[in-house]
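Engineer: pasted the sequence and its predicted model underneath.
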Amino acid sequence: MCRIVLRLPLAAFLFFLGAAAAHADETLSYRWQGVDRTAILHVPQAAAGHAAPLVIVMYGSDDKAASFQKNSGFDAVADRENFATLYPEAIDGAWNLKSKRPAVNGEPVDDIGFFRTMIDDLVSRGIADGTRIYATGFSYGALMTYTLACALPDRIAAIAPVASAMNEAQAEACNPARPLPVMMVNGTSDEVQRYDGYIRSFGRLLSVPETTEYWRRADGCTGQSATPLPHLNPHDLTRASLVQWSGCRPDTGVQLYRIENGGHCWPRLAPPAPADPADGPRFGGCSNDIETAAEVWNFFRRYHGA
């Protein structure tokens, strides 16, 4: 009997070994309102083949899904903790909110229908666990996160908006069928989505304290505590503290990472890349005391939906 032995250089062997272990991201496409809506799905190797928790991650105004996938740090956490991540693409870089109303084929964009379709598809295919669907987002993506919580409480188990409070129209229209766990991350020196709120032609952005009070009432919380977090980078002029509400209804909770002197950013342990000078000081400092993606997942992992 003749046996053929294939000998490969070590580098080639390691390349093929790595390729076998890798799990390529998938670009999902759905025909919705007569156009193709897309999203990037990342499923770690260990989470493939069974229904895994799913974190929907939404970018801010005028960003892109692939860019925020890279910059948010979520995939590294997903690979370590074995959950899937989903990065939807908005129409013209904007979610359908009161302040921005993107249109398609002459009609307002139906982002809620798009999200419902994606979730139902991933659950039906056994990719996502329907009781562990979570949503987070930055800036306008944070506003879209609140919208999802209010519109799809039967599908969303918990939310974590970053760098934006709710707007008044959302609060007035929101009447979720059940209380939801909410984690927020906000900088006190944010000049884009101001910590103290603002009034503009398209309506009023609530302050962060008003927003946490809204969810405190919704979740029935009765107590509050604040804990300063370790300051890890002496060159970082921000300071982070964790405000937690207690006595909440079962399977709910409210907490806020309050970043003193923090600007409009997604905090990372690693210092961010130098900002474009054209952005000016409005983006403020970015805390290096928390890894937002990791803290969001630590919050989400406690909760299951209906």
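Structural biologist: Cool, got the structure.

Engineer: C-alpha only now, for contacts and for neighbours.
Structural biologist: OK.

Engineer: tell me which stretches of the protein form strands.
Structural biologist: Counting by DSSP state E, the chain has strands at residues 26-32, 35-42, 52-58, 84-88, 103-104, 107-108, 128-138, 158-162, 182-187, 198-200, 203-205, 223-228, 239-246, 254-260.

Engineer: can you tell me which of those is packed in deepest?
Structural biologist: Among those, ranked by average contacts under mean count of other CA atoms under 10 Å, first place goes to strand 158-162 (a mean of 29).

Engineer: now that one and strand 128-138, what's the angle there?
Structural biologist: 20 degrees (axes from the mean of the first three to the mean of the last three CA atoms, to 10 degrees).

Engineer: just checking, what packs against strand 158-162?
Structural biologist: strand 128-138, helix 140-151, strand 182-187, helix 292-300 (3 or more CA pairs under 8 Å, 6 or more residues apart in numbering; DSSP states H and E).

Engineer: 10 Å - rerun?
Structural biologist: strand 52-58, strand 128-138, helix 140-151, strand 182-187, strand 254-260, helix 292-300 (3 or more CA pairs under 10 Å, 6 or more residues apart in numbering; DSSP states H and E).

Engineer: would you mark the buried spots in the third one?
Structural biologist: Within helix 140-151, the residues that qualify as buried by neighbour count (16 or more other CA atoms under 10 Å) are 140-151.

Engineer: and those residues as a markdown table, adding distance to Asn82 and pLDDT?
Structural biologist: Shown next, in a markdown table, are the buried residues of helix 140-151 (distance: CA to CA, whole Å; pLDDT from 0 to 100):
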| residue | distance to Asn82 | pLDDT |
| --- | --- | --- |
| Tyr140 | 27 | 94 |
| Gly141 | 24 | 97 |
| Ala142 | 24 | 97 |
| Leu143 | 27 | 96 |
| Met144 | 25 | 96 |
| Thr145 | 22 | 97 |
| Tyr146 | 25 | 96 |
| Thr147 | 27 | 94 |
| Leu148 | 24 | 95 |
| Ala149 | 23 | 94 |
| Cys150 | 27 | 93 |
| Ala151 | 27 | 93 |
